[in-house]
Structure formats: structure tokens, C-alpha cells
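# okay, predicted coordinates and the sequence, questions at the end:
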Amino acid sequence: MATRYKIATQDRAETFTNKTLTSPVINTPTGIAKSDVGLGNVDNTSNATERAATATLTNKRNTPRVYNTTSTATLTPEISTYDIFELTAQAGALTIANHSTSTPTAGEKMIIRIKDNGTARAISFGTYYRAMGNALPTTTVISKTMYLGFIWNAADNKFDLIALVNEA
């Protein structure tokens, strides 16, 4: 696509296609878009200082990353990849294992939602999980949704169970 530019040293507009301009000053016409010059994805926050700065978000949504499967024998919650782990028809005993590749940060939250397939299922936990007020559950409640809310305690290297609720 040929784009028209007016060279400041001339009174006439010329169309340049596949030409190299080495030093003239170019006055771009109004209405030229970033995409016209190959800058379609560039914005004003492209420098490292601004990207590293703390920002306050107002009226913005933080969409959680959700892992969903029907059933698994071992759930290894990789908190670097997901925030919520959903099991929708657990069909056997479940082990909630320690994360293997993730490095949780202090205060990071994780939710696990479990519903069995009509039969109570045993639940066991890896060593990174501990009860805080509520005991870690050992079984599902038949055909009821269970939510487990955890928060990473970096000082103790544990996911603390801070909420446990079952569907009524």
C-alpha cells in the first residue's frame, strides 16, 4: 500500500513506494495510524520503567485461571498456571499432591472445587497442606459440591486451609 507523505522542504506531495529516506523531515498527515508504519501493537507503556512500576487498577476485572476436569486420581495444583481447580465428577479416590513446578508467592490464593459422581470419594493431601480451623476433609459428600480455599504461607512453606464449605 502506498502511503502519501509531504516532505517539509517541498511544496508538493509525492508518493513514495519502497524508497529509503535518509534525513528529510517528514510531516505526517493527520489520520495516519500506527499500523500504517508497522507500529500496530506499540503503546505508550513500552519501556521497562513503566512496566515495572506499581499500578492501581480501578474498575478492572481479574479473571481467574481455571483448570477443569471430570475426574483424576491425583491433582497436582500448579499455582503458577491456575488459580482454581475444578473436579466435576470425581470417580475414585483423590490425592491432592504437592505442587511440583510452581513457586507460590506469599499470600497466593488457591481454590479447589470437588463434586463426586454420586459416590463418596476418599481425599488425601500432600505434605504442603495443613488445616487451619477446619480439618482437611477425608471424603467428599455424596453428590454435593465442596469448596476448599487455601492461602500460601511462605514462612512455613504450606498451603493453609482457610475455608471449607459443602453444598447444603
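Yep, it's here. Numbers count the residues shown, from 1 in each chain.

# ok, V66 - contacts?
82-86 (CB atoms under 8 Å, 6 or more residues apart in numbering). C-beta: built from backbone N, CA, C; applies to glycine.

# and for stretch 134-153, what's in contact with it?
Stretch 134-153 has contacts (CB under 8 Å, 6+ apart) with 79, 90, 94, 104-116, 118-125, 129-130, 158-167.

# quick check: ChimeraX command selecting the buried ones in the residues you listed.
Here is the ChimeraX command that selects the buried residues among the contacts of stretch 134-153 (16 or more other CB atoms under 10 Å):
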select :79,90,94,104,108,109,110,111,112,113,114,115,116,121,123,125,129,158,159,161,164
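
# now the strands for this protein?
For the chain, the strands defined by DSSP state E occupy 3-7, 13-16, 26-27, 66-69, 74-75, 84-90, 94-96, 109-116, 123-125, 129-131, 146-153, 158-166.

# redo these as CSV? Include distance to A55 and mean pLDDT.
Output for those, formatted as CSV (distance: least, CB to CB, whole Å; pLDDT from 0 to 100):
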stretch, distance to A55, mean pLDDT
strand 3-7, 35, 53
strand 13-16, 40, 60
strand 26-27, 35, 57
strand 66-69, 24, 98
strand 74-75, 33, 98
strand 84-90, 24, 98
strand 94-96, 34, 98
strand 109-116, 20, 98
strand 123-125, 36, 98
strand 129-131, 33, 98
strand 146-153, 23, 98
strand 158-166, 27, 97
